[in-house]
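Peer 1: For reference, the sequence and a predicted model appear below.
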Amino acid sequence: DAGVTQSPTHLIKTRGQQVTLRCSPKSGHDTVSWYQQALGQGPQFIFQYYEEEERQRGNFPDRFSGHQFPNYSSELNVNALLLGDSALYLCASSWWWTYGVDTQYFGPGTRLTVL
Amino acid sequence: QKEVEQNSGPLSVPEGAIASLNCTYSDRGSQSFFWYRQYSGKSPELIMSIYSNGDKEDGRFTAQLNKASQYVSLLIRDSQPSDSATYLCAVNILGSSNTGKLIFGQGTTLQVKP
């Protein structure tokens, strides 16, 4: 049973550039959530996708956008990169259920460094 | 007030001892609670989930939930050096249309000394 996968593993960009991160959820999962984790901090919720729609969004600027495809995989796009965007970006997958999203399982993450 | 609070530590315990990790949360409507373990440079790994008041045991791990006090804890019995990691408490906060997002504490660093 394949777990959550993310690509790339590491990425180095310069300020002002744009980046796209990719995530494939665990087999059978239909919901993808994205988190940003700065060094020494807990993960912070960016947004969540279900049925190809953004269902909930955290306190992140519009420079952060996403997409979910019919096969449930997802992309996170960040435009006009800032130094402060350097972080570990985590994708989590889960099932959607009546009382909210079920247990979330994390992928290995993408380490983004902005120079 | 932060939504989920943890003592950042480090919490240092000798090998074989019980490690006790604590977490408080502010949203009284929260229904599901999780403990994740994160080794340095790695992603969070789910250890336990708990939904009802009381204790839930899984091997050497026991999660405790007290919704009235808005308090979640994790006990690790017979601590091993391999348990040395950061432990993240996460609370599922329900939004509109039954969406849910995890709000994390900053994590507690546990050091188990041989």
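Peer 2: Here it is on my side, so go on. Numbers count the residues shown, from 1 in each chain, chains lettered A, B, ... in the order given.
Peer 1: what number of residues lie near residue B:111?
Peer 2: 15 (other Cβ atoms under 10 Å in any protein chain shown). Every C-beta, even on glycine, is put in place using the N, C-alpha and C of the backbone.
Peer 1: Then residue B:78?
Peer 2: 12.
Peer 1: So which bits of stretch B:59-74 are buried?
Peer 2: Within stretch B:59-74, the residues that qualify as buried are B:61, B:62, B:63, B:64, B:65, B:67, B:70, B:72, B:73, B:74, counting by 16 or more other Cβ atoms under 10 Å in any protein chain shown.
Peer 1: Can I take it that residue B:82 is in a strand?
Peer 2: No. Using DSSP: H, G, I helix; E, B strand; the rest coil, the assignment for residue B:82 is helix, not a strand.
Peer 1: Not counting its neighbours along the chain, what's nearest it?
Peer 2: Excluding its sequence neighbours, the residue lying closest to residue B:82 (Cβ to Cβ, 6 or more residues apart in numbering or on different chains) is residue B:112, at 7.8 Å.
Peer 1: Next: residue A:66.
Peer 2: Nearest non-adjacent residue to residue A:66, counting by Cβ to Cβ, 6+ apart: residue A:76, 5.1 Å away.
Peer 1: what does residue A:92 give?
Peer 2: With Cβ to Cβ, 6+ apart, the residue lying closest to residue A:92 is residue A:104, at 3.9 Å.
Peer 1: residues contacting that neighbour?
Peer 2: Applying Cβ atoms under 8 Å, 6 or more residues apart in numbering or on different chains, we find residue A:104 in contact with A:33, A:92, A:93, A:94, B:34, B:46, B:102.
Peer 1: And residue A:69, by the same measure?
Peer 2: With contact taken as Cβ under 8 Å, 6+ apart, residue A:69 is in contact with A:52, A:75.
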